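[1] Fold the following for me, if possible:
(one chain, ligands or ions: 1)
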Amino acid sequence: MQLLVTGGAGFIGSNFVRLVLRETDHEVTTLDALTYAGSLDNLEGVLDHPRHEFVEGNISDEGLVSDLVADADVVLNFAAESHVDRSINGAGPFVETNIRGTQVLLDAVLEAGIDRFLQVSTDEVYGETAEGVFDEGDPLNPRNPYAATKASADLLAKSYYTTHDIPVVITRSSNNYGPRQHEEKLIPKFTTRAAEGKSLPLYGDGTNVREWIYVKDNCRAILTALEKGQDGEVYNIGSGNEFENKGVAERIIEEVAASEDLIEFVEDRPGHDQRYALDTGKIESLGWEPTTSFDEGLERTIEYYLN
Ligand code: NAD
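    The predicted model follows:
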C-alpha cells in the first residue's frame, strides 16, 4: 500500500513513518513544509529508506497535493500548527494549515478516489470536563483557537464523508509524549530546563489534568484505525494515565535529580482547559491497547532529551 503522510517530519508523524517502515511493507511518501516545528533530523536514518520518499511542500499547495494524492492509496494528515500558546498569539497560520490545508487534501482525495483519508485529531476538540470521559459521540466544544481549527477540520472531513462518500476516518488522541517532540512542549521543555537548573514555568496552580499517551502507542492506534476502522467513524485514543501538570513536573524533577524549587507558578494561559479525558473502548474493540506505562515512557523520553 502507498501511504501519503503529511506532517511526517514533525513529532507524531515522524514516529509514525518510522513505525510503518519498520513493521509493515507499505511505501511512504512524506509531505512536510518543514515549518519551525518540523525537521529532517526527525527522519534521520529513514530518509533514504528504499520504501520512503520525502517531499518538501505545503498541504495548501493544490497542484502539489493533487499530484501526490493521485499516486497514493491512503492519506494520513498529521500536518498542523499544533501549539495552543501560538494559536492564542495569532490564529492565522492555524486557520490556513489546519482548516484550509485539510480542505485542499479532501478535495484532492475526492478527485483521486483513494481508499482512505485518515485525519489526525485531538481530544481538545471536546473542550474540558471536570469529571468523566468523552466518547466519540459527545458534542465538540473547542475552547482555544488551535482546538477550534482542529474541530473545524474534523467537521469538514466528516462532511466530505456524508456528502461525497469519501472514506474518512478520524482519530482523536490525548496528549502525546516521547522522542522527537519540539522543545516548546511541556515534557521536553521541563526536562531540558530541569537538567540545566532553569525554572519550570507552570500555568496557574499547576492542577490542570492531561491524559498522557506514549507516542508509539498512539502511532500503533492510528495504524489500527487505518487498517481496521470503519468509514465515517471517529476513534478516541488515550491511555487512562491522567496527571496534573504539577505532578508531571515533580516526576521530571525526580528523574533528573533537580530541585523542587525550580517549579515556578506563572500567570495562567487564557481559556486554559482544566481537564481532558477519553473513553477509548471503540479503538480497543479493533484490537488495540496501549502497552507503555507512564513510568517506562517517561524514563525513555527523559533519557532521549538528556542525550
Ligand atoms: P508537530 O508540530 O510536531 O508537527 C507538525 C508537522 O506538520 C511539522 O513537521 C510541520 O513542519 C508540518 N506542517 C505544519 N504546517 C504544514 C503545512 N501547511 N504543510 C505541510 N506540513 C506542515 O505536531 P505533532 O505534535 O506531531 O502533531 C501531529 C498531529 O497530531 C497534529 O495534527 C496535531 O493536531 C495532532 N495531535 C497532537 C497531539 C500532541 O500531543 N502532540 C495530541 C493530539 C493530536
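
[2] could you list every residue that touches V55?
    29-32, 64, 68 (Cβ atoms under 8 Å, 6 or more residues apart in numbering). Using the backbone N, CA and C atoms, a C-beta is placed for each residue, glycine as well.

[3] Am I right that it sits in a strand?
    Yes: with DSSP: H, G, I helix; E, B strand; the rest coil as the criterion, V55 is part of a strand.

[4] ok, what's across the strand from it?
    V55 forms beta bridges with L31, as assigned by DSSP bridges.

[5] helix or strand for D154, which one?
    Using DSSP states H and E, D154 falls within helix 145-164.

[6] Buried residues, that helix. List them.
    Using 16 or more other Cβ atoms under 10 Å as the test for burial, helix 145-164 gives 145-154, 156-158, 160-161.

[7] Closest one to the ligand out of those residues, please.
    Closest approach to the ligand among those (Cβ to the nearest ligand atom): K150, at 5.4 Å.

[8] And that closest one, what's its pLDDT?
    Predicted confidence (pLDDT) for K150: 98.

[9] Next one: it from G232, what distance?
    Using Cβ to Cβ, to the nearest Å, K150 is found at 18 Å from G232.

[10] picking that back up, go ahead and name everything in contact with the helix holding D154.
    Under the contact criterion Cβ under 8 Å, 6+ apart, helix 145-164 has outside partners 77, 80-84, 86-88, 91, 94-95, 98-99, 102-103, 106, 109-110, 117, 119, 121-122, 124-125, 127, 140, 142, 166-168, 170, 172, 231-232, 234.

[11] right, and the helix or strand after that helix?
    Trace forward from helix 145-164 with DSSP H and E and the next one is strand 168-173.

[12] hey, where'd the helices end up in the stretch 201-307 of the chain?
    Secondary structure of the stretch 201-307 of the chain (DSSP state H, counting those that start in this stretch): helices at 215-228, 245-255, 281-284, 294-306.

[13] in the shortest one, what counts as buried?
    It refers to helix 281-284. Those buried within helix 281-284 under the rule 16+ other Cβ under 10 Å are 282-284.

[14] If we only consider the residues you listed, which is nearest to A221?
    Distance to A221, by Cβ to Cβ, is smallest for I283 among these, at 5.5 Å.

[15] circling back: tell me which of the helices of the stretch 201-307 of the chain sits most buried.
    The highest mean neighbour count among those, using mean count of other Cβ atoms under 10 Å, belongs to helix 215-228: a mean of 22.

[16] same for that helix, what does it pack against?
    helix 11-23, strand 74-77, strand 116-122, strand 168-173, strand 175-177, strand 234-237, helix 281-284 (3 or more Cβ pairs under 8 Å, 6 or more residues apart in numbering; DSSP states H and E).

[17] May I see the ones you listed arranged in JSON lines, with distance to the ligand and mean pLDDT as well?
    As requested, the helices and strands packed on helix 215-228 are exported to JSON lines (distance: least, Cβ to the nearest ligand atom, whole Å; pLDDT from 0 to 100):
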{"stretch": "helix 11-23", "distance to the ligand": "3", "mean pLDDT": "98"}
{"stretch": "strand 74-77", "distance to the ligand": "7", "mean pLDDT": "98"}
{"stretch": "strand 116-122", "distance to the ligand": "4", "mean pLDDT": "98"}
{"stretch": "strand 168-173", "distance to the ligand": "4", "mean pLDDT": "98"}
{"stretch": "strand 175-177", "distance to the ligand": "4", "mean pLDDT": "98"}
{"stretch": "strand 234-237", "distance to the ligand": "8", "mean pLDDT": "98"}
{"stretch": "helix 281-284", "distance to the ligand": "14", "mean pLDDT": "98"}
